[in-house]
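# Got a sequence here, can you build the structure:
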Amino acid sequence: MIHPNQTRWRFVAHNRMRVEQQPARRPTLLPQPFRTRTAMPPTPAPGSEGLKILAFDIFGTVVDWHTCVAREVRALCPGTNGDAFALAWRDGYQPAMQRVRSGELGWTLIDDLHRMVLEDTLRQFGITHLSPAQINTLNRVWHRLDPWPDTIEGLTRLKAKFTLCSLSNGNLGLLTNMAKRAGLPWDCILSAEVFRHYKPDPETYLGVARIFGVQPSEVLMVAAHQDDLDGARACGLRTAYIERPHEFGPTRAKDVSDNGRSNWHAKDLRELALALGA
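Numbering: from 1, shown residues only. Just a heads-up that it's a prediction; the model follows:
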């Protein structure tokens, strides 16, 4: 027979053991005053200090004009050498702009210059079966150019750090249609049409700085053409060369070597983003 006190003792002892086996409770912490941590600004990539605006050439730099033009020519004109046609059409581009610069023609949109050169090129290749509507559609192929494979990623990364704009001889309607179709993430679309001067006239490069209210040295001109970059550099802009070795297709080689004049020389826009810390 167990004494009542003994039974009670065993009960108490059992409860004591359970308490002793429970993990110790953490002390209650009183609320502390909220403290904000000051974020350290990102360190600029070497040479990019003070850089605010990135202005991009379009044809050949951002989009692949040759492949797209040659493809549409082959579709409309079976049997025609699309590569040769695309090059011939493009070769008429600079002479047509020179007619405007010289005063032979008044200010003319690139869409209209493209049409003038296209008609000459169609005659050169003996193409006579296209209707006026087909010729109009072909002329607007420049509105439908595809971006290079690295373009969208490169621009998106750069946009997170800089303000991006186009700076093209293409007219505003052309550049807007192209950007909408291709998903080009511009902050602003600028064109020779805004300044009524074609690149490499100084009014175009200095116009970018004026529009954004910055110094020319705070603008980086990005292009795949050395003459474009030479014009920008002469106006005090910084410059970045993008190689694009296949701009002119498989039959025309392009020298993409570093001439040492630009601030940056990159294989593509992803590499430029990396170089600029974006």
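
# Can you name the residues that contact P132?
With C-beta atoms under 8 Å, 6 or more residues apart in numbering as the criterion, no residue contacts P132. To be clear about C-beta, it is placed using only N, CA and C from the backbone, and glycine gets the same treatment.

# hmm, I was thinking of G82
G82 is in contact with V69, A70, R71, E72, V73, R74, counting by C-beta under 8 Å, 6+ apart.

# could you pull out the helices for the stretch 101-250 of the chain?
110-124, 132-139, 151-159, 172-182, 192-195, 202-212, 226-234 (DSSP state H, counting those that start in this stretch).

# before we move on, the earlier item: with secondary structure as new columns, can the contacts of G82 be given to me in CSV?
Converted to CSV, the contacts of G82 look like this (DSSP: H, G, I helix; E, B strand; the rest coil):
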residue, secondary structure
V69, helix
A70, helix
R71, helix
E72, helix
V73, helix
R74, helix
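
# Show me which of the residues you listed are buried.
Neighbour counting by 16 or more other C-beta atoms under 10 Å classes V69, A70, E72, V73, R74 among these as buried.

# quick one: the strands in the protein?
Counting by DSSP state E, the chain has strands at residues 53-56, 163-168, 188-191, 219-223, 238-242, 264-266.

# which one of those has the most crowded surroundings?
Across the strands of the chain, averaging neighbours per residue (mean count of other C-beta atoms under 10 Å) puts strand 219-223 on top, at a mean of 27.

# Can you report the mean pLDDT over the residues of that strand?
Averaging pLDDT along strand 219-223 gives 98.

# could you say what helices and strands it packs with?
strand 53-56, helix 202-212, helix 226-234, strand 238-242 (3 or more C-beta pairs under 8 Å, 6 or more residues apart in numbering; DSSP states H and E).

# For T137, find the nearest of these.
strand 53-56 (26.6 Å; C-beta to C-beta).

# Quick check: can you name the pairing partners of that closest one and their directions?
Sheet pairing for strand 53-56, assigned by DSSP bridges, gives strand 163-168 (parallel), strand 219-223 (parallel).

# Tell me how far Q94 lies from I135.
Here the criterion is C-beta to C-beta, to the nearest Å. By it, Q94 lies 22 Å from I135.

# With neighbour numbers in mind, choose between these two.
The neighbour comparison of Q94 against I135 (other C-beta atoms under 10 Å) goes to I135, with 16 against 11.

# Please list all residues in contact with that one.
Counted by C-beta under 8 Å, 6+ apart, I135 has contacts R115, L118, E119, L122.

# And R238, by the same measure?
Neighbouring residues of R238 by C-beta under 8 Å, 6+ apart: L51, S217, V219, L220, M221, N263.

# same thing but at 10 Å, please
47-48, 50-51, 54, 216-222, 229, 232, 262-264 (C-beta atoms under 10 Å, 6 or more residues apart in numbering).

# ok, now R101?
Contacts for R101 (C-beta under 10 Å, 6+ apart) come out as H197, Y198, D201.

# Quick check: pLDDT value at T43.
On pLDDT, T43 comes in at 60.

# residue ranges with poor pLDDT in the stretch 101-250 of the chain?
By pLDDT under 70, the stretch 101-250 of the chain contains no weakly predicted segment.

# can you put the strands paired with strand 53-56 in CSV and add distance to T251?
Putting those into CSV (distance: least, C-beta to C-beta, whole Å) gives the following:
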stretch, distance to T251
strand 163-168, 25
strand 219-223, 23
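
# Which stretch among these approaches T61 most closely?
That would be strand 219-223 among the strands paired with strand 53-56, by C-beta to C-beta, at 5.2 Å.

# Can you give me the distance of A160 to L184?
On the measure of C-beta to C-beta, A160 and L184 end up 15 Å apart.

# ugh, wrong one, I meant G79
Applying C-beta to C-beta, the value for G79 to L184 is 34 Å.

# So for those two, which residue has more residues nearby?
Taking neighbours as other C-beta under 10 Å, G79 and L184 compare with L184 leading, 22 against 6.

# ok, now which ones touch that one?
Applying C-beta under 10 Å, 6+ apart, we find L184 in contact with 56, 58, 62-63, 147, 151-152, 155-156, 164, 166, 175-176, 178.

# ditto for G92
L113, H114, M116, V117, L118, D120, T121, Q124.

# What sits closest to the first one if chain neighbours are left out?
By the measure of C-beta to C-beta, 6 or more residues apart in numbering, the closest residue to L113 outside its immediate chain neighbours is A96, 4.3 Å from it.

# No further queries at this time; thank you.
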